[in-house]
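Asks: quick one, structure for this:
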Amino acid sequence: MNKLLDKIGLALETYWHLLPAITRQFAPEKIASIQNTKLQTLIHYSFNNIKYYKEIFEQTGIRPEQIRTTEDLRKIPILTKEELRNRFWDFLPRQLPPCRVSRTSGSTGIPVCLLSDRTSRIFNSVAVIRYRMSLGIQIIGRPILTPLKTIDGPCYKKPHWTLLQGIHKTYYINPYIDSSENTEYVGKLLTKLKKPAIMGITTAIKALAYKVRDGIFPPFLPCAILTTGEVLTPEVRNLLESTFHTTVTDIYACNEAGDIAWQCRETLGYHINAENVIVEIVRNNRSVAEEETGEVVITNLNRFAMPIIRYKNGDLARLTHQPCPCGCKLPMIAEIIGRAGEDISLPCGKTIPWNQLKSSMNHPHIRQFQLIQDDKGNLKIRYVPEEGVDTKPVEELLLYRYRNLLGSSIEIAIEKTAKIAPAPSGKSKLVISHYNKPAK
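Replies: Residues are numbered from 1 along each chain as shown. Model (predicted):
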């Protein structure tokens, strides 16, 4: 009973903050004022209560009163994933409030343990409800359909009601299990649901789309599709929109900062939830110019159980000041490009950027792919072809493209496979490299 009352109280407090947040997204001066006020509160709190930041400020000679705006924030050294993981206890306050424990997906290495408190959960939920409403998902009643992330998941997962991010009933299906039992269950469920909103990790929604397109699951029309968890490529967007006949919008989020930014139906960029998070783009730990690509650095403005200030999360993106036609005045990310570290190095000393590796795999007859580099630098290209296609010309084209891209210093092998399982996190691990570039 106490847990239910706590959930209801949390939801009511969230809804209390919702209307001002909806209004505020069209008033940039209010957004900036709230951002600076929250930043000053966070900095003073972290200096007085968090061992790590106390040390950082004393070592660099920074005083809390010197950090008043987002521009001032650049004076603070960037926080790395290794520091956050190795010094976990030094990020906790003297008096730890009630909080939830979560972990990062570990897609770039060892997962990081994180704590989120009531305040951060409330304001993140406000942002979630706000962007869902902008996409036509009202606060009450819309059924949500979430594809499960891995083949190891259950065939059936009991649906449940949610309160914190709107009052909705969430249903689950597993697009990875090939069995008559699963197909029958999904068929009955999709017949029952009326225009659900599909929400989930991009790889799982993609697997669902192929099941529908291949006639294994029945066709249905969702009211909206919200992808998250990895880069939404134009190829996957086209697959989802042609299969489900609705606009796909992508959500940019991470456990360290919650829901960072979201696409509206214009899909021309990502609106940053600026009252909750500050987003910087850096290269070599220095801010880059507008529209330049760099590494994402985030500051969570609401997390006091474990403050996250100027944290480099491993993603690549670029910012823009171009206004969105939808009228929303929140600052914008122009593009989420991928993850740092997904480039590969060659024995000859050359580095091949991720975008070039990915674009060479573009082919209408390829469903999935994975690039694996061994410890000698050689590359294996694993791919899943469309059913019934002649794969010989596909493989010849891939070999031609990658030989031109990588040169003759390494061996290139191509392997056709029936499926490529997602990582335990549910994400696609597209580049796996075991090659260590020799030190100069």
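Asks: from here on, just use CA atoms for contacts and neighbour counts.
Replies: OK.
Asks: return the set of buried residues in stretch 79-90.
Replies: Judged by neighbour count (16 or more other Cα atoms under 10 Å), stretch 79-90 contains these buried residues: 79, 81, 84, 90.
Asks: out of the residues you listed, who's nearest residue 392?
Replies: Among the buried residues of stretch 79-90, residue 81 lies closest to residue 392 (Cα to Cα), at 43.0 Å.
Asks: list the contacts for that closest one?
Replies: Applying Cα atoms under 8 Å, 6 or more residues apart in numbering to residue 81 gives the contacts 112, 311, 312, 313.
Asks: for it, what are phi and psi?
Replies: Torsion angles at residue 81 (phi, psi; degrees, to the nearest 10) stand at phi -60, psi -40.
Asks: for it, give its distance to residue 408.
Replies: 36 Å (Cα to Cα, to the nearest Å).
Asks: likewise residue 272?
Replies: Using Cα to Cα, residue 272 is found at 43 Å from residue 408.
Asks: the two: who's more crowded?
Replies: Between residue 272 and residue 408, counting by other Cα atoms under 10 Å, residue 272 is the more crowded of the two (23 against 11).
Asks: just give the nearest non-adjacent residue to the more buried one, would you?
Replies: residue 261 (4.1 Å; Cα to Cα, 6 or more residues apart in numbering).
Asks: which residues touch the one you found?
Replies: By Cα under 8 Å, 6+ apart, residue 261 lies in contact with 251, 252, 253, 270, 271, 272, 273, 332, 333.
Asks: now with 10 Å?
Replies: Residue 261 makes contact with 127-128, 131, 250-253, 269-274, 277, 279, 330-333 under the criterion Cα atoms under 10 Å, 6 or more residues apart in numbering.
Asks: just give me the least confident of the buried residues of stretch 79-90.
Replies: Within the set of those, pLDDT is lowest for residue 81 (89).
Asks: shaky segments in the stretch 251-400 of the chain?
Replies: Flagging of the stretch 251-400 of the chain using pLDDT under 70 yields the residue ranges 340-341.
Asks: one more time with 90, if that's ok
Replies: Low-confidence segments of the stretch 251-400 of the chain (pLDDT under 90): 255, 284-285, 287-291, 314, 337-365, 367-370, 386-389.
Asks: need the single longest strand in the protein, by residues.
Replies: If you go by DSSP state E, the chain has its longest strand at strand 311-320.
Asks: what's the first helix or strand after that strand?
Replies: Downstream of strand 311-320, the first helix or strand assigned by DSSP states H and E is strand 332-339.
Asks: list the neighbouring strands of that following strand plus their orientation.
Replies: Using DSSP bridges, the strands paired with strand 332-339 in its sheet are strand 270-272 (antiparallel), strand 311-320 (antiparallel).
Asks: so which of the contacts of residue 81 comes closest to residue 224?
Replies: Nearest to residue 224 out of these is residue 313 (Cα to Cα; 28.1 Å).
Asks: measure stretch 7-23 end to end?
Replies: Start-to-end, stretch 7-23 (Cα to Cα) is 25 Å.
Asks: how far off centre is it?
Replies: Its chain's C-alpha centre and that of stretch 7-23 lie 24 Å apart, by Cα atoms, centre = their mean, to the nearest Å.
Asks: and it, which residues are buried?
Replies: 10, 11, 13, 14, 15, 18, 21, 22.
Asks: burial measure for residue 71, as a count.
Replies: For residue 71, the count of nearby residues is 9 (other Cα under 10 Å).
Asks: phi, psi for it please.
Replies: Dihedral angles (degrees, to the nearest 10) for residue 71: phi -70, psi -40.
Asks: for it, give its distance to residue 319.
Replies: For residue 71, the distance to residue 319 - Cα to Cα - is 15 Å.
Asks: residue 401 should be in a strand, yeah?
Replies: No - judged by DSSP: H, G, I helix; E, B strand; the rest coil, residue 401 forms no part of a strand; its state is helix.
Asks: which residues touch the residue nearest to it when sequence neighbours are not counted?
Replies: Distance criterion Cα to Cα, 6+ apart; nearest residue to residue 401, sequence neighbours excluded, is residue 360 at 6.2 Å. Counting by Cα under 10 Å, 6+ apart, residue 360 touches 397, 398, 399, 400, 401, 402, 405.
Asks: surely the second one is in contact with residue 363?
Replies: What it means is residue 398. Yes - using Cα atoms under 10 Å, residue 398 is in contact with residue 363, at 9.1 Å.
Asks: neighbour-wise, which of those two wins?
Replies: residue 398 (19 against 13).
Asks: if I've got this straight, the more buried one is in a strand?
Replies: No - assigned with three-state DSSP, residue 398 falls outside any strand and is helix.
Asks: how near is it to residue 362?
Replies: For residue 398, the distance to residue 362 equals 9 Å [Cα to Cα].
Asks: can you list the domains in this structure?
Replies: Per automatic domain parsing, the domain ranges recorded for the chain read 2-129+252-339, 344-433.
Asks: now distance to residue 135 too, for those domains, in TSV please.
Replies: Shown next, in TSV, are the domains of the chain (distance: least, Cα to Cα, whole Å):
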stretch	distance to residue 135
domain 2-129+252-339	7
domain 344-433	24
